[in-house]
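S.K.: sequence plus the predicted model coming up.
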Amino acid sequence: MAQLINGKQISADMRAEMAEECRKLQAEKGITPGLAVIIVGEDPASQVYVRNKKKACEEIGFYSETYELPAETSQKQLEGLVDELNANPKIHGILVQLPLPAHLDSNAILLHIDPKKDVDAFHPTNVGHIMIGDYTFLPCTPAGVMELLKRSGVSVSGKNCVVVGRSNIVGKPQAMLLLQANGTVTIAHSKTPDLGAVTRTADVLVVAVGRAGMITGDMVKEGAVVIDVGMNRNAEGKLCGDVDFASVEPKVSFITPVPGGVGPMTITMLMRNTLTAAERYGKN
Ligand code: NDP
């Protein structure tokens, strides 16, 4: 039977550690970490994420501002707000909730955020820093996966690691972080001809596709570590991952459940980046 990697517990432990760090920063330097979250339009899923980010800030002791802008907000107005927040000393992290309405150019907005306040780590400057292994911020979901592995005592060094999915938000940076941790890394995607043949080579398998239950028991190696990033709704509307838990769990050594695995870590790592930004405030 596999050991469950409890993302909820690890996330709670990290938040408690950050609350302590936050109190220290306030006491010693008079700095309260501040996060600004901007949401444009009324996408219900995005509204839930934004509320959860605000709640996490309150829980840890951060200052937060939420900007809920109408769907018809123009590029210029949004960039103007980002400029103001770039200059605001109370704000150390800026997050623009994606996706933005179709008339807005997301890449141009992300480029507008000061890289020192880019707590999502999507700015090309920060992406470049990750590539060369000299970074301040890591993208939240892949960083959350690395933290889950570390805190579960799983070493990646020298292991065969397979990442399924190559998005800029999860798959690609995930592969880079596993490589930096000395894994031997393979990236699979929709054009990989025999996916099972690739995933069966994995000592550590990270799946980030967005297709419910696509990784089945016959596609994993005995004793592998399986991390399921996927968040899907099944036919009954229940949240489920990309891994078919029932057939995979009996074969592997560690596995993340969905919900309660990677999910809780993403916002926690956003908080980690905000705290780091506040600690580094004023430095190069
Ligand atoms: P994207 O849709 O951007 O990327 C999906 C990737 O999966 C693509 O690289 C695609 O390949 C690949 N893919 C699609 N079909 C197959 C297939 N049949 N076989 C192999 N690879 C395939 O998704 P994201 O990376 O943004 O997200 C992936 C999943 O993770 C989603 O379920 C999302 O909800 C979840 N997620 C969860 C988070 C969390 O906090 N837990 C945070 C972010 C995402 P190709 O490039 O060739 O098209």
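M.R.: Thanks, I have the structure now.

S.K.: contacts and neighbour counts: CA atoms only from here.
M.R.: Will do.

S.K.: after the helix or strand harbouring Thr186, next one along is what?
M.R.: Thr186 is located in strand 184-188, with elements delineated by DSSP states H and E. The helix or strand immediately downstream of strand 184-188 is helix 195-199, counting by DSSP H and E.

S.K.: how about the CA coordinates for whatever helix or strand comes next after that next one, as PDB?
M.R.: Per DSSP H and E, the first helix or strand lying C-terminal to helix 195-199 is strand 204-207. Output of strand 204-207 as PDB, limited to C-alpha atoms (Å, rounded to 0.1, in the frame of the first residue of the first chain):
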ATOM      1  CA  VAL A 204       9.100   9.700  -9.900                       C
ATOM      2  CA  LEU A 205       6.100  10.500 -12.100                       C
ATOM      3  CA  VAL A 206       4.500  13.900 -12.100                       C
ATOM      4  CA  VAL A 207       1.300  14.200 -14.100                       C
END
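
S.K.: other residues contacting strand 204-207?
M.R.: Contact with strand 204-207 is made by 156, 159-165, 199, 224-230, 242-243, as judged by Cα atoms under 8 Å, 6 or more residues apart in numbering.

S.K.: part of a helix, is Gln174?
M.R.: Yes - counting by DSSP: H, G, I helix; E, B strand; the rest coil, Gln174 is located in a helix.

S.K.: was I right about it contacting Val162?
M.R.: No - Gln174 is not in contact with Val162 according to Cα atoms under 8 Å; the separation is 9.9 Å.

S.K.: of these two, which one has the most company?
M.R.: Gln174 (30 against 26; other Cα atoms under 10 Å).

S.K.: from Leu4, how far off is that one?
M.R.: Gln174 is 21 Å from Leu4, where distance means Cα to Cα, to the nearest Å.

S.K.: among the contacts of strand 204-207, which are within reach of the ligand?
M.R.: By Cα under 6 Å from any ligand atom, the members of the contacts of strand 204-207 lying near the ligand are 164-165, 229-230.

S.K.: can you add secondary structure, neighbour count and pLDDT and give the residues you listed back as CSV?
M.R.: As requested, these are arranged in CSV below (DSSP: H, G, I helix; E, B strand; the rest coil; neighbours: other Cα atoms under 10 Å; pLDDT from 0 to 100):
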residue, secondary structure, neighbour count, pLDDT
Val164, strand, 29, 99
Gly165, coil, 20, 98
Val229, coil, 28, 98
Gly230, coil, 23, 98
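
S.K.: ok so, going back, show me the contacts of strand 204-207 that map onto strands.
M.R.: 160-164, 225-228 (DSSP state E).

S.K.: the ligand: which of these is nearest?
M.R.: Lowest distance from the ligand to the ones in strands among the contacts of strand 204-207 (Cα to the nearest ligand atom) belongs to Val164, with 5.6 Å.

S.K.: quickly list what that closest one is bridged to.
M.R.: Assessed by DSSP bridges, Val164 has beta-bridge partners Ala188, Val207.
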